[in-house]
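Student: The following comprises the amino acid sequence and a computationally predicted model.
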There are 2 protein chains.
Amino acid sequence: MSAAYRSAPVYLGIDLGGTNIKSGVVDGDGCSLSSVSLETEADHGPEVGLERLADAGNRAVQASGLSWDRIAAVGLGSPGTMDLEEGLLLEPPNLHGWNNLPIRRLLSDRLKKPTVLQNDANAAAYGEYWVGAGKGARSLAMFTLGTGIGCGIVVDGLIIQGCHSHGAECGHIIIQMENGRQCSCGAFGHLEAYASATALVKRACEALQLENSPSLLGQIDPHELSSRAIGKAAEAGDHLARRLMRETAHYLAVGAVCVMHTIDPDLVLFGGGMIAAGQAFLDDIRRDIRAMAFPVPAARTRIEYARLGGNAGFIGAAGCARRAYGPKPQ
Amino acid sequence: MSAAYRSAPVYLGIDLGGTNIKSGVVDGDGCSLSSVSLETEADHGPEVGLERLADAGNRAVQASGLSWDRIAAVGLGSPGTMDLEEGLLLEPPNLHGWNNLPIRRLLSDRLKKPTVLQNDANAAAYGEYWVGAGKGARSLAMFTLGTGIGCGIVVDGLIIQGCHSHGAECGHIIIQMENGRQCSCGAFGHLEAYASATALVKRACEALQLENSPSLLGQIDPHELSSRAIGKAAEAGDHLARRLMRETAHYLAVGAVCVMHTIDPDLVLFGGGMIAAGQAFLDDIRRDIRAMAFPVPAARTRIEYARLGGNAGFIGAAGCARRAYGPKPQ
């Protein structure tokens, strides 16, 4: 290890979720030097939450074996709507009482480091772009499939965060304007209302109520029914589960085509818990995209799974800190 | 007029359409020094077409009163799909026989000037961004409403032309994935299949066949029915025409919300022939966008008509030439 490397700036990335905080120290090449996770304890309000964020940061620095003076800057990825220029959380879901919190300043004051705030899905997309499945791509759109559908878009190294911090909210594009399903946000016909893990489970429950055909899914306590269980049943050959996964792939392909016909990236990524459904699910998404997109992007756009898993958020947040406060590219 | 101005580089912009070629000389501040129009005569093939393009360029330079040596570069806006990096037209609609034409090189050889190729809707959006309704905006999305729906997106001065020259094909985002109307491109459920001038006339014909309620539109020869006639009938208070225009505004609002939730620009523009429908149509679009978009972009995104009319294309094409070959910003 060279002396230059030992003194090179590194970055602390923190990924704030409603349930867990993930954090790690990342070097200038995007290598994670540590990775820790602890509970958010969001119910106890923002005071305790900030304490937890600082705690997560301290533990990550400690686990990296480096001292705090090596940390050049901090990147925080956060869920929900925010004002990125002002560093404010607006109304984060699952973080009640955190509304209008000037989280960037508060965290920066506590950690005594320059701090950047980024939307969690944007941060994850940037992480994949920097050192994950998107490494070497010119531009990408990434859908993170979980309770909701997050999205992040990077074009020529630039995160499309938008003029009002609402860029890449592609879980909330309208794919069915007439008689659309209601979304968690209250509106109708959004991609998320069809293709999130929550939507998949809801559609499974509806199908089980309506249909009498036997299904492995009928043997699961409805309160235990999860997107993972549906994915597993599909793998095991269950007809209903297969149909539900096939439809989900189709909805995601519709969303991907909309983004491809808007941004035309060279890569579309899918990440989040639902990609546990594996290769068959990805193949279905690909097939439907190829059938619906214009011929040239259909043939040339790569459609892949993300690779950094649950670490994408803090790696990308650290990457945002590096971009803002690290050495400028020559 | 200063000596510096008299020697400053100017740019020739050419907007190639299926029916007409519009062309003009534009100075470095985006002021048009001339504007000419002539027929494309697309039926006679690309040889004659190139002759017409060169003719349009020559006339524009002549009309500007400047000599050719003042022209620093040429920008060409063209319809259809293309390969911008290679300067190729792929399959331009209404320009049969122009397939896979290396138009940038051919035009550059003929005019003996460095030449850039851009999609016509992108060029129009860039023209509005540079010196039209988008002047001063950070980013914008512009929908050009005509036979089809063109779209151009500019973010922080950068045209989102995409990795495969298919950026901002937002007439072809899917807004109705189930039982969607068929689009001119052959696919189903696209915005263009609902909200273009062609789609509006088609919906009017369907409504006239289905309904017995009296309408001014019923008095028009079906072959003469146009989006303009429908707009005029709506202004005159005709119920069916009003409903058709109201629905069109809604479809456009759905498309705009999808783009807002993807790019989050500070401005959405509507241009093209259909904006002759006037203020009431724009107000309807605005109302529906505000009702469907997330609260922050709904409150802050400006929704306006374009201002450069039919000149946006050649002005924007000239702007692209300036960006590529003009003086670099300090």
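Tutor: That came in fine, so what should we check first? Not measured: the values here are computed from a predicted model.
Student: what's the lengthiest helix in chain A packed up against?
Tutor: Counting residues, the longest helix found in chain A (DSSP state H) is helix A:239-263. Under the contact criterion of 3 or more Cβ pairs under 8 Å, 6 or more residues apart in numbering or on different chains; DSSP states H and E, helix A:239-263 touches strand A:139-145, strand A:149-155, helix A:192-195, helix A:197-210, helix A:227-235, strand A:267-271, helix A:279-292, helix B:239-263. To be clear about C-beta, it is placed using only N, CA and C from the backbone, and glycine gets the same treatment.
Student: looking at chain A, which helix or strand does the model trust least?
Tutor: Within chain A, no helix or strand scores below helix A:3-7, which has a mean of 73 by mean pLDDT, DSSP states H and E.
Student: rewinding a little: using CSV, please lay out the helices and strands packed on helix A:239-263 together with distance to B:P214.
Tutor: Formatted as CSV, the helices and strands packed on helix A:239-263 follow (distance: least, Cβ to Cβ, whole Å):
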stretch, distance to B:P214
strand A:139-145, 49
strand A:149-155, 47
helix A:192-195, 40
helix A:197-210, 44
helix A:227-235, 54
strand A:267-271, 50
helix A:279-292, 41
helix B:239-263, 9
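Student: now the residue nearest in space to the middle of chain A: how far from chain B?
Tutor: Chain A has A:A121 as the residue nearest its centroid, 3.6 Å off, counting by Cα atoms, centre = their mean. A:A121 sits 12 Å away from chain B, going by Cβ to the nearest Cβ, to the nearest Å.
Student: same check, this time on A:E85
Tutor: Distance from A:E85 to chain B, by Cβ to the nearest Cβ: 11 Å.
Student: SS state for that residue?
Tutor: Using DSSP: H, G, I helix; E, B strand; the rest coil, the structure places A:E85 in coil.
Student: Now do the same contact list for it.
Tutor: A:S165 (Cβ atoms under 8 Å, 6 or more residues apart in numbering or on different chains).
Student: Give me the phi and psi for it.
Tutor: As for A:E85, its main-chain torsions (degrees, to the nearest 10) stand at phi -70, psi -40.
Student: A:K202: how many residues sit nearby?
Tutor: Neighbours of A:K202 under the rule other Cβ atoms under 10 Å in any protein chain shown: 16.
Student: I should have written A:R110 there, sorry.
Tutor: A:R110 has 15 neighbours, counted by other Cβ under 10 Å.
Student: Kindly report the same for the one 4 residues further on.
Tutor: By the measure other Cβ under 10 Å, the count of residues near A:P114 is 15.
Student: what do you get for A:Q219?
Tutor: The burial count for A:Q219: 9, using other Cβ under 10 Å.
Student: ok, back up a step: measure how the one helix or strand the residue nearest to the centre of chain A maps to sits relative to strand A:149-155, angle-wise.
Tutor: Using DSSP states H and E, A:A121 falls within helix A:120-131. Counting by axes from the mean of the first three to the mean of the last three Cα atoms, to 10 degrees, helix A:120-131 points 40 degrees away from the direction of strand A:149-155.
Student: Restricting to C-alpha, output helix A:120-131 in CSV.
Tutor: The C-alpha trace of helix A:120-131 is given here as CSV (Å, rounded to 0.1, in the frame of the first residue of the first chain):
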residue,chain,number,x,y,z
ASP,A,120,-31.8,6.9,-1.9
ALA,A,121,-32.8,5.5,-5.3
ASN,A,122,-30.7,8.1,-7.1
ALA,A,123,-27.8,7.2,-4.8
ALA,A,124,-28.2,3.5,-5.5
ALA,A,125,-28.3,4.2,-9.3
TYR,A,126,-25.1,6.3,-9.0
GLY,A,127,-23.4,3.5,-7.0
GLU,A,128,-24.2,1.0,-9.7
TYR,A,129,-23.1,3.5,-12.4
TRP,A,130,-19.8,4.1,-10.5
VAL,A,131,-18.7,0.6,-9.6
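Student: Mind giving me the packing neighbours of it?
Tutor: Against helix A:120-131 (3+ Cβ pairs under 8 Å, 6+ apart) you get strand A:10-16, strand A:71-78, strand A:139-145, strand A:149-155, strand A:158-159, strand A:267-271, helix A:312-325.
Student: What's the mean pLDDT across the third one?
Tutor: Mean pLDDT, computed over strand A:139-145, is 98.
Student: Counting by contacts, list what it packs against.
Tutor: Counting by 3+ Cβ pairs under 8 Å, 6+ apart, strand A:139-145 packs on helix A:120-131, strand A:149-155, helix A:239-263, strand A:267-271.
Student: How far off centre is that strand?
Tutor: Computed by Cα atoms, centre = their mean, to the nearest Å, the chain-centroid distance of strand A:139-145 equals 8 Å.
Student: Quick check: A:L140 touching A:Y126?
Tutor: No - A:L140 lies out of contact with A:Y126 (Cβ atoms under 8 Å); the separation is 9.5 Å.
Student: Those two - which one has more neighbours?
Tutor: Set A:L140 next to A:Y126 and count neighbours by other Cβ under 10 Å: A:Y126 wins out with 34 against 27.
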